[in-house]
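In: below: sequence and its predicted model.
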Amino acid sequence: MKWTGYTHQWMYATAQHLSKTCMASCHTPEDVEQANTKGFRSFRTSSLLADKLPSEILCPASKEAGQRTSCARCKLCDGKRGPDDKRKNIFIVMH
Ligand code: SF4
């Protein structure tokens, strides 16, 4: 089974289990750092492409990445499978 999931609950200790299925919805680089420290991969929006961090990749469905896929096919936003899951955080420019 494949899915995508996003949560703003990542900052709460009681939501730690969600890291296995959901991305941490983040708004700032500080959010990303905190979410990653808590074991979450992150999904972050910003108005500027230049804001993308080295730990983030552009959503491949975004305009800036050439709209190469869709969420239904991509499914990169499915949380963190465990400590060995080295997939990057996701970044997208808001329009
Ligand atoms: S297309 Fe973008 S938003 Fe959708 S699952 Fe992939 S990375 Fe995440």
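Out: Yes, it's here. Residues are numbered from 1 along each chain as shown.

In: residues in the chain within reach of the ligand, list them.
Out: With CB under 6 Å from any ligand atom as the criterion, the chain meets the ligand at residues T4, C59, P60, A61, T69, C71, C74, K75, L76, C77, I90. In short, each C-beta sits where N, CA and C put it, glycine included.

In: hmm, try it at 5 Å
Out: Within the chain, the positions adjacent to the ligand are T4, C59, A61, C71, C74, L76, C77, I90 by CB under 5 Å from any ligand atom.

In: so what's the residue nearest to the spatial centre of the chain bridging to?
Out: Per CA atoms, centre = their mean, the C-alpha nearest to the average position across the chain is that of F43, at 2.5 Å. Applying DSSP bridges to F43 gives these bridge partners: S25, I90.

In: surely it and R87 touch.
Out: No. Between F43 and R87 there is no contact under CB atoms under 8 Å: 11.9 Å.

In: in the protein, which spans are helices?
Out: Using DSSP state H, the helices found in the chain span residues 29-37, 71-74.

In: all strands for this protein, in order.
Out: 6-7, 23-26, 42-46, 56-58, 89-93 (DSSP state E).

In: let me know which of the ones you listed is tucked in deepest.
Out: Mean neighbour counts were taken over those using mean count of other CB atoms under 10 Å, and the top value, a mean of 25, falls to strand 23-26.

In: can you list the buried residues in stretch 11-18?
Out: Neighbour-count burial for stretch 11-18 flags A15, L18 (criterion: 16 or more other CB atoms under 10 Å).

In: number of nearby residues for C77?
Out: Using other CB atoms under 10 Å, C77 has 19 neighbouring residues.

In: same question for Q67.
Out: Using other CB under 10 Å, Q67 is surrounded by 11 other residues.

In: and the nearest residue to it once chain neighbours are set aside, how far from K20?
Out: Excluding the flanking residues, the one nearest Q67 by CB to CB, 6 or more residues apart in numbering is A61, at 6.0 Å. When distance is defined by CB to CB, to the nearest Å, A61 is 23 Å away from K20.

In: using JSON lines, lay out the helices of the chain together with mean pLDDT and mean neighbour count.
Out: Shown next, in JSON lines, are the helices of the chain (pLDDT from 0 to 100; neighbours: other CB atoms under 10 Å):
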{"stretch": "helix 29-37", "mean pLDDT": "98", "mean neighbour count": "16"}
{"stretch": "helix 71-74", "mean pLDDT": "97", "mean neighbour count": "12"}
